[in-house]
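In: 3D model of this:
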Amino acid sequence: MSTFGYILLFTFFGSFLSLISVALVLRSESWLKRASAYFSSFAAGVLLFIAFLDLLPEALEEAETSGIDPHSMFIYALLGFLALFVIERVFHWHHHHEGVPHDDEARPPAYRYLIMAGDILHNFLDGMAIGATFLVSVPLGVTTAISIFFHEIPKEIGDISLLIHSGLKRKSAIIFNLATKSTSFLGAIIAFLFAGQLFSLGPLFAFAAGSFLYITAVDLIPEIHEEKNTRRIVTRVSFMFLGIAVLWVVGQIMPHK
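Out: Prediction:
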């Protein structure tokens, strides 16, 4: 099989198969609706881990390799944070001026698009990582794809739960995620054609980190603060730390590099 064939095959394995696996396991929509608040807390931990301990370190490493000032990566992270802030404000403004009350009823549509925006960029970067590492060697590419597969499983559990938590049906949430997964193929193809020739991945990693930090800080953690029941507060905080712990364990067993 050609290198390009390996890239396409393992991009499907690393990105789409993780979502399919999660969708088959999480079959009960009624159970998911009840548990979505806890899984959204789990997702908060996952996104915090990815932003602080995955994407930002990768951005700094890519910057040094490409001869870019590493400090500029924090500017790109700030831009990612502010970009999602602007997007959410625009969606709120749009729905408010359509006559929808400016309260939590107007929030879910913007919430969904923020998740999609973050996922599109994250999946694009995953595809680029798979494509670029296959250009180095097939074993390294396979290892990267397996790593991404295991990293994506807890993230997909969180994403599907977040989308259901925002009001989508289980089937719609899965289709929503499948649509964003297609960008992993775009990233893999671009990496195959242009990796290391036209641009550095550092700014993209940093921008994605900023977008994930926005979703976590503005949408997910405030939901935990709004909880009134002490037991639910403790459970949701525990799920957030569980999300961090799961990715840390996965990273020890199957590191990205």
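
In: Is residue 73 in contact with residue 204, as I believe?
Out: No. With contact defined as Cβ atoms under 8 Å, residue 73 does not reach residue 204; the gap is 10.3 Å. In this view, the C-beta of every residue, glycine as well, is placed from N, C-alpha and C.

In: Looking at the two, which one has more neighbours?
Out: Set residue 73 next to residue 204 and count neighbours by other Cβ atoms under 10 Å: residue 73 wins out with 28 against 22.

In: What's the separation between residue 190 and residue 81?
Out: According to Cβ to Cβ, to the nearest Å, residue 190 and residue 81 sit 25 Å apart.

In: okay, these two: which has more neighbours?
Out: Of the pair residue 190 and residue 81, residue 81 is the one with more neighbours under other Cβ under 10 Å, namely 20 against 17.

In: so what's the more buried one closest to, chain neighbours aside?
Out: residue 210 (4.0 Å; Cβ to Cβ, 6 or more residues apart in numbering).

In: And residue 233, by the same measure?
Out: residue 227 (4.6 Å).

In: Run a quick neighbour tally on the one you found.
Out: By other Cβ under 10 Å, the residues close to residue 227 number 16.

In: Same check on residue 113?
Out: For residue 113, using other Cβ under 10 Å, the count is 16.

In: go on, residue 232?
Out: Residues within reach of residue 232, counting by other Cβ under 10 Å, total 14.

In: go on, residue 89?
Out: Residue 89: 11 neighbours (other Cβ under 10 Å).

In: Check which helix or strand it maps to.
Out: helix 72-97 (DSSP states H and E).

In: average model confidence for the host helix or strand of residue 114?
Out: Per DSSP H and E: residue 114 is located in helix 107-136. Per-region confidence: helix 107-136 scores 72 on mean pLDDT.

In: With stretch 213-220 instead?
Out: 82.

In: Using PDB, write out the CA atom coordinates for it.
Out: Taking Å, rounded to 0.1, in the frame of the first residue of the first chain, the C-alpha atoms of stretch 213-220 are listed here in PDB:
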ATOM      1  CA  LEU A 213     -10.100  26.900  27.000                       C
ATOM      2  CA  TYR A 214     -13.000  29.300  26.100                       C
ATOM      3  CA  ILE A 215     -15.500  26.400  25.900                       C
ATOM      4  CA  THR A 216     -14.400  25.100  29.200                       C
ATOM      5  CA  ALA A 217     -14.100  28.400  31.100                       C
ATOM      6  CA  VAL A 218     -17.300  30.100  29.800                       C
ATOM      7  CA  ASP A 219     -19.700  27.200  29.100                       C
ATOM      8  CA  LEU A 220     -18.800  24.100  31.100                       C
END
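
In: List the buried residues in it.
Out: Neighbour-count burial for stretch 213-220 flags 213, 214, 215, 216, 219, 220 (criterion: 16 or more other Cβ atoms under 10 Å).
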